[in-house]
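**Q** Kindly generate the corresponding structure for this input.
(2 chains)
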Amino acid sequence: MKKYIDQGKNDTRSGFGAGLAELGRTNPNVVALCADLVGSLKMEKFIEENPERFFQIGIAEANMMGIAAGLTIGGKIPFTGTFANFSTGRVYDQIRQSIAYSDKNVKICASHAGVTLGEDGATHQILEDLGLMKMLPGMTVINTCDYNQTKAATIAIAEHHGPVYLRFGRPKVANFTPVDQKFEIGKAVMLNEGTDVTIVATGHLVWEALIAAENLEKQGISAEVINIHTIKPLDGEAVLKSVKKTGCIVTAEEHNYLGGLGESISGFLATTHPTPQEFVATKDTFGESGTPEQLMDKYGLNNKAIVNAVVSVLKRK
Amino acid sequence: MPKLQELQDLTVQVRRDILRMVHKVNSGHPGGSLGCTEFIVALYNEIMELKDEFDMDGKGEDLFFLSNGHISPVFYSVLARKGYFPVDELNTFRLIDSRLQGHPTTHEGLPGVRIASGSLGQGMSVALGAAQAKKLNKDSKMVYTLHGDGELQEGQNWEAIMYAAGKKVDNIIATIDYNGQQIDGATDDVLPMGDLKKKFEAFGWDVVDIKEGNDLEAILKGMKEAKSKTGKGKPVCVLLHTVMGHGVDFMMYTHAWHGKAPNDEQLATALAQNPETLGDY
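**A** Next up is the predicted model:
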């Protein structure tokens, strides 16, 4: 199996901050907005270097989404920053009408997604945001897996015209994708070729999928691991090619199984190539307080859960 | 500069357009449209500085955002008669495959519209973003908005009102259609909002009252005063005291025609009170 090296644990939100800072230097149209969470979103560098292009909105996310929409009228490329919960559910109608339906070039950048936000508990741990965002016509939805990928994605979405939801997280996790990678929106990344089962993972579950594949290899199971960072538009072709070879699939994400990546893939495969599938995702539940590791374990979102799902799905081939 | 009589003629014609549009599809919102006819006519034909061609960015020209999107009939009529799109297209209002959706949208590419509105309370935030983009672009032109008074019951407005003053967004003139009516009745009965002037002032805005909001001269004078207050570190609010349904006697002073179209007979009566001036579409 192909080896991946952790270049040093880091948080995906810092990848966002680094990408935003780079955009500040290279793209004069990029502006940033934040609803009182500058430190959490790692936006300090951009602000320090471009104070006139930063808008501190205060604790008023609805207003932030509207202001972002308005800033596009005049050619700006606004990046909004707050927690995933406050970037989506709290402001759904503002995004729907003022951004998505109005086709505004706003980049909604959402940190602290999922249970790995940890101790703050369920009020802040949104597990429904991918579903909310992917249902909006015209919205591009991205969930990155490590620091390097998040930085690359942040830079890439500035070049894409249209609304984008970019989801990342709080904890320090393995940083294993190439530092110089080219981020292609809508293009799956093949991480490990295999023949027995396809594992498609997004976000923090990608590293877990690689660990799972290593453990499966020891059991004589050859797992193909694909990173789908763009939930919408979905790279159906990559999924199709893989499942035609392996005959079964496990999807893994830090999100409710309803509305997530797994659901998108099952919908796609149902109409193209019906395939046995298991979902590594939360099972229609809220999260709770705890450490990220405890929560990933309790809610079945780690490499152990992926291995178990693979064992189950192989029986259904 | 159009003579007052020309604006007056246009106002009557726009009123006819509104009535005929909503009558044809037996739906839409005539009350607020009629009440804001003088204001929108004056805005587009006398107050705002506009480029000849529409583009989304609107650099180097004044911008207008209609937050209370349900009064789309008056917006569409004024845009069409200003030349943004063919006047005949008013025939397609609310019909399938039309650019003139029930509520204004950019989605169908209708020139003159820069944001979708309809779900209330969002327009001021958008306008503030556009106003701040103008400042970044060193564009000295203004941003104008219109909001329903009942619309101020939506909390997002107050986030925006607080922000505008706190961040000294002083290139915006937000006008409130102060007609005291909303769908379910008088605003004072549905949810009393207290003294709006004092509320805006307490939030740090300059406020101009236009007591005769259906009088073109009063509007021009009041808006001139409002503009003179811009650029001084404070956002400016205009309280435009209007009568919902203005110009059609049986539609005035009531919320009954907020979202109801006239029947054939009512249309004939209403049109007779507004004789054709520039020609029907």
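
**Q** which residues touch the residue positioned nearest the centre of chain B?
**A** Centrality entry for chain B: nearest residue to the mean C-alpha point is residue B:146, 4.6 Å, by CA atoms, centre = their mean. Residues near residue B:146 by CB atoms under 8 Å, 6 or more residues apart in numbering or on different chains: B:36, B:39-40, B:64-68, B:71, B:123, B:175-177. Just so you know, the C-beta spots here come from the backbone N, C-alpha and C atoms, and that holds for glycine as well.

**Q** could you give me the average pLDDT of stretch A:22-40?
**A** Per-residue pLDDT over stretch A:22-40 has a mean of 98.

**Q** same check, this time on stretch A:278-293
**A** Mean predicted confidence for stretch A:278-293 is 98.

**Q** Residues in contact with that stretch: which ones?
**A** Defining contact as CB under 8 Å, 6+ apart, one finds that stretch A:278-293 is touched by A:114-122, A:125, A:127, A:170-171, A:201, A:205, A:249-258, A:260, A:262, A:295, A:298-301, A:305-306, A:309-310, A:312-313.

**Q** Could you do stretch A:56-66 as well?
**A** Residues from elsewhere that reach stretch A:56-66, judged by CB under 8 Å, 6+ apart: A:33-36, A:38, A:67, A:80, A:82, A:86-87, A:90-91, A:94-95, A:98-99, A:106, A:108, B:122-126, B:128-129, B:155-156, B:159-160, B:162-163, B:166.

**Q** what do you get if the cut-off is 6 Å, keeping everything else the same?
**A** A:33, A:35-36, A:80, A:82, A:86, A:90-91, A:94-95, A:98, B:122, B:125-126, B:156, B:159-160, B:163 (CB atoms under 6 Å, 6 or more residues apart in numbering or on different chains).

**Q** now stretch B:43-61
**A** Around stretch B:43-61, the neighbours that count as contacts under CB under 6 Å, 6+ apart are A:74, A:75, B:2, B:62, B:78, B:82, B:84, B:111, B:112, B:139, B:141, B:223.

**Q** hmm, 8 Å instead?
**A** Here stretch B:43-61 has contacts from A:73-75, B:1-2, B:7, B:10, B:62, B:64, B:78-79, B:82, B:84, B:106, B:111-112, B:114, B:130, B:134, B:137, B:139, B:141-142, B:144, B:220, B:223, B:227, using CB under 8 Å, 6+ apart.

**Q** for chain A, what spans make up the helices?
**A** A:12-26, A:38-41, A:44-49, A:61-72, A:84-87, A:92-94, A:129-134, A:147-157, A:205-218, A:236-246, A:261-272, A:292-298, A:303-315 (DSSP state H).

**Q** Could you name the helices and strands sitting against the longest one?
**A** Of the remaining helices and strands, those touching helix A:12-26 by 3 or more CB pairs under 8 Å, 6 or more residues apart in numbering or on different chains; DSSP states H and E are strand A:30-34, helix A:38-41, helix A:44-49, strand A:77-83, strand A:107-111, helix A:147-157.

**Q** The same query, at a cut-off of 10 Å, please.
**A** If you count contacts as 3 or more CB pairs under 10 Å, 6 or more residues apart in numbering or on different chains; DSSP states H and E, helix A:12-26 packs onto strand A:30-34, helix A:38-41, helix A:44-49, strand A:77-83, strand A:107-111, helix A:147-157, strand A:164-167, strand A:172-173.

**Q** Which pLDDT value belongs to the residue nearest the centre of chain A?
**A** Note on chain A: the residue nearest the mean C-alpha position is residue A:143, at 1.2 Å, using CA atoms, centre = their mean. With respect to pLDDT, residue A:143 scores 98.

**Q** Could I get the contacting residues of it?
**A** Residues near residue A:143 by CB atoms under 10 Å, 6 or more residues apart in numbering or on different chains: A:12, A:84, A:110, A:113-114, A:129-130, A:133, A:149-150, A:153, A:165-169, A:201-206, A:227-231, A:253-255, A:260-261.

**Q** Same question for residue B:179.
**A** By CB under 10 Å, 6+ apart, the contact set of residue B:179 is B:31-32, B:35-36, B:148-150, B:186-187, B:213-214, B:240-246, B:252-253, B:255, B:258.

**Q** Emit the ChimeraX select command for whichever of the residues you listed are buried.
**A** With 16 or more other CB atoms under 10 Å in any protein chain shown as the burial test, the buried ones among the contacts of residue B:179 are selected in ChimeraX as follows:
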select /B:31,32,35,36,148,149,150,187,213,214,240,241,242,243,244,245,246,252,255,258
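
**Q** Out of the contacts of residue B:179, which sit inside strands?
**A** In this view, those that belong to strands under DSSP state E are B:148, B:186, B:240, B:241.

**Q** Rank the residues you listed by pLDDT and give me only the lowest.
**A** residue B:186 (95).

**Q** shouldn't it be in contact with residue B:192?
**A** Yes: Residue B:186 is within contact range of residue B:192, at 9.2 Å (criterion: CB atoms under 10 Å).

**Q** Around chain A, pick out the residues from the stretch 1-150 of chain B.
**A** Within the stretch 1-150 of chain B, the residues that sit near chain A (CB under 10 Å from any CB of the partner chain) are B:56-59, B:63, B:65, B:67, B:69, B:103, B:105-107, B:109, B:113-137, B:139, B:143.

**Q** Who are the packing partners of the longest helix seen in chain B?
**A** The single longest helix within chain B, with elements called by DSSP H, is helix B:4-25. Contacts defined by 3+ CB pairs under 10 Å, 6+ apart place helix B:4-25 against helix B:30-35, helix B:37-42, helix B:72-82, helix B:216-228, helix B:264-272.

**Q** from the ones you listed, which stretch is densest packed?
**A** Counting by mean count of other CB atoms under 10 Å in any protein chain shown, helix B:30-35 has the highest mean neighbour count of these, with a mean of 29.

**Q** Figure out how far that helix is from the centre of its chain.
**A** Put simply, helix B:30-35 sits 10 Å off its chain's centre (CA atoms, centre = their mean, to the nearest Å).

**Q** Same check on stretch A:38-47?
**A** Relative to its chain's centre, stretch A:38-47 lies at 19 Å (CA atoms, centre = their mean).

**Q** What residues sit buried inside it?
**A** So, applying 16+ other CB under 10 Å, buried residues of stretch A:38-47: A:38, A:40, A:41, A:42, A:43, A:46, A:47.

**Q** what pLDDT does the fifth one get?
**A** Predicted confidence (pLDDT) for residue A:43: 98.

**Q** which phi and psi does it have?
**A** phi -100, psi 0 (degrees, to the nearest 10).

**Q** Verify the contact between it and residue A:31 for me.
**A** No: between residue A:43 and residue A:31 there is no contact under CB under 10 Å: 11.5 Å.

**Q** any shared contact partners between those two?
**A** With CB under 10 Å, 6+ apart, residue A:43 and residue A:31 have common neighbours A:24, A:54, A:79.

**Q** For residue B:205, state which of these is nearest.
**A** Nearest to residue B:205 among those is residue A:54, at 23.9 Å by CB to CB.

**Q** nearest residue to the closest one other than its sequence neighbours?
**A** Using CB to CB, 6 or more residues apart in numbering or on different chains and skipping residues adjacent in sequence, the residue nearest residue A:54 is residue A:47, 4.5 Å away.

**Q** Show the contacting residues for that neighbour.
**A** Applying CB under 10 Å, 6+ apart to residue A:47 gives the contacts A:20, A:21, A:24, A:32, A:34, A:38, A:53, A:54, A:55, A:56.

**Q** Distance to residue B:265 for those residues - can I get that in a markdown table?
**A** Output for these, formatted as a markdown table (distance: CB to CB, whole Å):
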| residue | distance to residue B:265 |
| --- | --- |
| A:20 | 62 |
| A:21 | 67 |
| A:24 | 64 |
| A:32 | 58 |
| A:34 | 57 |
| A:38 | 62 |
| A:53 | 59 |
| A:54 | 59 |
| A:55 | 54 |
| A:56 | 57 |
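
**Q** on that earlier part again, mind checking which of the residues of the stretch 1-150 of chain B next to chain A land in strands?
**A** Short answer: the residues of the stretch 1-150 of chain B next to chain A in strands (DSSP E) are B:63, B:65, B:143.
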